[in-house]
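Peer 1: The following comprises the amino acid sequence and a computationally predicted model.
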Amino acid sequence: MKKIIYFSYFLLLVFFSFFSYLFIDPNLVYLKNLYTGFVFENREVTTLLYIVLVMAFFLGYSQILKNIRMIDISSLKLLIGLTALILVFSYPAFLSFDIFNYIATAKTLFFYGENPYLVMPIEFAGDPLLLFTHAANKIALYGPLWIGLTSIPYFLSFGHFLTILFSLKVFIALFYLGTIYTLWKITKNVFSIVFFAFNPLVVVETLMSSHNDIVMMFFALVSFYFLSKRKIFLAMSFLIVSILIKYATIFLIPVFIYVLIKIVKREKNYWDNIYLISAILMFTIFLLSSLRVEIYSWYGIWFLSFLSLVQKRKTILYGSLALSLGLLLRYIPFMFFGIYDSSTAILREAVTFFPPIFLYLLIILRKFVWAKNT
């Protein structure tokens, strides 16, 4: 049974990786030989394929969680490594174009020598990146430390676009692995690792779309690890680094201060509540993001990172998995209609929140029927 699960999971990863290349932008001159136009000419088929793949991914994920007692540490390492290795070669812009923005911002600073917080990529007329970068008319959206970190894959690429593209994917995949290792250091619990590492939302948005949210959350979790060891300076340093990646973890400062008070009072056995409060705070900023622009699917990584440390709140964990499904299905309206504006906004929200709402209604109904029959 275990071998069947592993082999099916392997095939799913490979197929998902191939599927991503159907979304190559027609203006991406560096991969023009791989452009097929399939997704633009067959939106119904593409949407159906995506739904099937996502549902299969969650089915596989549920089977891994169900058979978690059969998974030893060596098998777990193999599965995680296999996941990262296969998907690091997927096309990163099939659901989001953020990785192109990372490259454009890095090029603004390291190639043109301009301040990316003052100069927009669109100002460099004739740059081939402008053909497929979808936010070229914006200044840098992320923290200075993130831009600094992108210098590593940028300079290792020696100016070649495809090299920096996949160097960035490898770079972010390393933070995915680092986050998993940090979770293990905190909990020494296989469930926490499996819950986070194989969550389809985390896998797709981190290893395929290569969002830098995993980098922000890696440093946040490292901060909390050192805080639990009462290494205050290191904890504060890593939290600051996390904030300077993408700002959202600034919401964790009140929790950080609260833990410091607990440490001064020499109290113990409060970490389960700390992780839950942290998850709630990150979920709050996740919801509040809709006031600025909208909720983006990859923001789910913020609260999932801390929820993976909360093992006793099964109802909350199940709800987070249902929301993870909804966040991946959030792409369906654009994939089907080819329109991403206010006309599909309500549909996107409905698709996103239907799975968790439906789940909790089932739970309430089940409790009501059980209470009525007892």
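Peer 2: Done, it's in.
Peer 1: shaky segments in the chain?
Peer 2: Along the chain, the model assigns pLDDT under 70 to residues 1-2, 370-374.
Peer 1: let's see it at 80
Peer 2: Counting by pLDDT under 80, the chain shows low-confidence ranges at 1-6, 70, 267-270, 291-293, 311-314, 341-343, 366-374.
Peer 1: From what I see, residue 197 and residue 82 are in contact.
Peer 2: No - judged on Cβ atoms under 8 Å, residue 197 makes no contact with residue 82 at a distance of 11.2 Å. Placement of C-beta: from N, CA and C, glycine included.
Peer 1: So for the two, which sits in the more crowded spot?
Peer 2: Higher neighbour count among residue 197 and residue 82: residue 197, with 24 against 14, using other Cβ atoms under 10 Å.
Peer 1: Distance from stretch 137-153 to the middle of the chain?
Peer 2: Put simply, stretch 137-153 sits 18 Å off its chain's centre (Cα atoms, centre = their mean, to the nearest Å).
Peer 1: let me redo that: stretch 44-51
Peer 2: 22 Å.
Peer 1: got a list of contacts for that stretch?
Peer 2: With Cβ atoms under 8 Å, 6 or more residues apart in numbering as the test, stretch 44-51 has contacts from 19, 22, 38-39, 329, 331-332, 335-336.
Peer 1: May I have it as PDB, with CA atoms only?
Peer 2: Taking C-alpha atoms only, stretch 44-51 is exported to PDB below (Å, rounded to 0.1, in the frame of the first residue of the first chain):
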ATOM      1  CA  GLU A  44     -12.500  24.700 -20.400                       C
ATOM      2  CA  VAL A  45     -10.200  21.700 -20.800                       C
ATOM      3  CA  THR A  46      -7.300  23.500 -19.000                       C
ATOM      4  CA  THR A  47      -9.600  24.400 -16.000                       C
ATOM      5  CA  LEU A  48     -10.900  20.800 -15.800                       C
ATOM      6  CA  LEU A  49      -7.400  19.400 -15.800                       C
ATOM      7  CA  TYR A  50      -6.300  21.900 -13.100                       C
ATOM      8  CA  ILE A  51      -9.300  20.900 -10.900                       C
END
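Peer 1: Give the buried residues for that stretch.
Peer 2: Buried residues in stretch 44-51, counting neighbours by 16 or more other Cβ atoms under 10 Å, are found at 46-47, 49-51.
Peer 1: go on, stretch 88-108?
Peer 2: Buried residues in stretch 88-108, counted by 16+ other Cβ under 10 Å: 88-96, 98-108.
Peer 1: list the contacts for residue 167?
Peer 2: By Cβ under 8 Å, 6+ apart, residue 167 lies in contact with 153-154, 156-157.
Peer 1: hang on, I meant residue 37
Peer 2: Shown in contact with residue 37 (Cβ under 8 Å, 6+ apart): residue 26.
Peer 1: Quick check: it vs residue 96, distance?
Peer 2: In this view, residue 37 and residue 96 are 20 Å apart by Cβ to Cβ, to the nearest Å.
Peer 1: after whatever helix or strand residue 19 lives in, next one along is what?
Peer 2: Taking DSSP states H and E as the definition, residue 19 sits inside helix 2-20. Using DSSP H and E, the helix or strand that follows helix 2-20 in sequence is helix 38-41.
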